[in-house]
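Asks: pasting the sequence and the predicted coordinates here, then a few questions.
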Amino acid sequence: MTGDEVRDQAQSGGGVGLSDENLALHRSAIQSRITFQGLATRPFEGLSWDYFLADVELEARAARIGMRDTTIGSYCDTIQLLPAAAIVRLDAALSVYFLPPEPESEAHVDYLLRPLDAATAKRMRQRRHAVHAMQAVAQQQEEARKRRLRRTKNSSRNIGRVRMRR
């Protein structure tokens with residue numbers, strides 16, 4: 001089998017159990033997610049997006065696809081050219097990096113990581129834990145900020161009451 005035949009088989013979903021139609025749906029879903037996020041008020045904000053976009057770039061290098069730049073269009077064009085196995089990994093990465101840390105989500109993550117090689121699954125799991133750790137820190141900081149704000153408001157009210165009594 002020539003290199004072109006292998007690439008054609010990989011791009012048509014060969015070897016990963018996806019029909020051409022399902023592969024097209026997965027590609028489209030990933031491209032849509034990138035497009036919508038890119039058009040958001042604060043595009044690609046957060047560690048989850050940092051990891052996911054790095055995965056797209058990694059898959060492109062592995063498939064020997066040169067990305068023009070790091071624009072939305074370049075990411076979408078690159079995804080269109082990636083082989084089926086890369087699309088399966090990116091689809092899993094979207095869920096792994098963005099699902100909340102709940103027990104039912106963990107079961108789904110385990111299911112998504114099953115077909116991946118051990119090193120890729122381990123990397124995605126480590127990144128998932130890092131994302132959740134960062135989210136927990138951000139949540140604690142937000143709660144502390146709200147407590148400080150409430151204390152400041154309460155102390156302002158108390159100062160006003162003291163002045164009114166005099």
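Replies: Right, received. Where do you want to start?
Asks: remind me which residues of this structure are low pLDDT?
Replies: Applying pLDDT under 70 to the chain picks out residues 1-16, 155-166.
Asks: go through it and flag its longest helix.
Replies: helix 118-165 (DSSP state H).
Asks: counting by contacts, list what that helix packs against.
Replies: Applying 3 or more CB pairs under 8 Å, 6 or more residues apart in numbering; DSSP states H and E, one finds that helix 118-165 makes contact with helix 47-62, helix 84-98, helix 103-113. From N, CA and C alone the C-beta is placed, and that goes for glycine too.
Asks: turn those into JSON lines, columns for mean neighbour count and distance to residue 128.
Replies: Below are the helices and strands packed on helix 118-165 laid out as JSON lines (neighbours: other CB atoms under 10 Å; distance: least, CB to CB, whole Å):
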{"stretch": "helix 47-62", "mean neighbour count": "18", "distance to residue 128": "9"}
{"stretch": "helix 84-98", "mean neighbour count": "22", "distance to residue 128": "5"}
{"stretch": "helix 103-113", "mean neighbour count": "14", "distance to residue 128": "7"}
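Asks: compare these and report which one is nearest to residue 78.
Replies: Proximity to residue 78 (CB to CB) singles out helix 47-62 among these, at 4.9 Å.
Asks: that older thread, tell me the angle the longest helix of the chain makes with helix 103-113.
Replies: 150 degrees (axes from the mean of the first three to the mean of the last three CA atoms, to 10 degrees).
Asks: mind putting the helices and strands packed on helix 118-165 in TSV, distance to residue 123 included?
Replies: Shown next, in TSV, are the helices and strands packed on helix 118-165 (distance: least, CB to CB, whole Å):
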stretch	distance to residue 123
helix 47-62	9
helix 84-98	9
helix 103-113	10
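Asks: for residue 26, find the nearest of these.
Replies: Judged by CB to CB, the one of the helices and strands packed on helix 118-165 that comes nearest to residue 26 is helix 84-98, at 5.1 Å.
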